[in-house]
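> Requesting a structural model of the entry that follows:
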Amino acid sequence: MAKFTLHDKQSAPQESKGLLENSVEAFGMVPNLHAVMAEAPGLLEAYQQLHQLFLDSSFDDEEVTVVWQTINVEHACHYCVPAHTGIAKNMNVDDAITEALRNETPLPTDRLEALREFTLALVRGRGNVDQKAVDAFLEAGFTKRQILEVILATAQKVMSNYTNHLAETPVDEPFQKFEWHKAS
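As a prediction, this is how the structure comes out:
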């Protein structure tokens, strides 16, 4: 595997320096994912923008967590599952939700399970989702807007999950206690 640089504000390309400052302002540090992405300023900028756009979506914090972690787990992202475990804790998401997502066990409510099932259908089908899955999602109380917002999150997570696979991004120290490996 190619060795990727973990950039800081000194080593990063000029176009990424301000983006890394945004990371420090948002997270109190430069997450290793952002340090890797800084090599390609457009990727880092797009990722940061999609991250904020998804946080600003019509989903609540539990639902945001379900979508993000469903994709992270499906993609077996060694970095994002621990990172989003920590993010979920900071968002005060119930640990039972996080653990069900990490362990691929049933979620505590039918509504959240419907969200996970739709997200999985979208990811596994690469956007080709049958009408039955769409109907089940809408019948669970979600909207057409939220169908499109799951696509938004998927775009964001493809950027991070794929980067982490290729770069073998080391998990940041604050998230190492949430280490995760996909069940075989």
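
> mind checking the SS state of the residue lying closest to H165 once chain neighbours are set aside?
In this structure, H165 finds its nearest non-sequential neighbour in C77, 7.2 Å apart by CB to CB, 6 or more residues apart in numbering. For every residue, glycine as well, the C-beta is placed using N, CA and C. Of the three states, C77 takes coil under DSSP: H, G, I helix; E, B strand; the rest coil.

> what does the one 4 residues further on give?
With three-state DSSP as the basis, V81 sits in helix.

> give me the number of residues near Q10?
Neighbour count for Q10, taken as other CB atoms under 10 Å: 7.

> can you check K144 too?
10.

> shaky segments in the chain?
Applying pLDDT under 70 to the chain flags residues 1.

> 90 instead?
1-2, 183-184 (pLDDT under 90).

> next one: stretch 74-82 to chain centre, how far?
Taking CA atoms, centre = their mean, to the nearest Å, one finds stretch 74-82 lying 8 Å from the centre of the chain it belongs to.

> Can you tell me the closest non-neighbouring residue to the spatially most central residue of the chain?
The chain has W68 as the residue nearest its centroid, 4.0 Å off, counting by CA atoms, centre = their mean. Nearest in space to W68, with sequence neighbours left out and distances taken as CB to CB, 6+ apart, is H84 at 5.1 Å.

> May I see the domains of the chain written out as residue ranges?
14-54, 59-178 (automatic domain parsing).

> Ok, which of those comes nearest L6?
domain 14-54 (4.1 Å; CB to CB).
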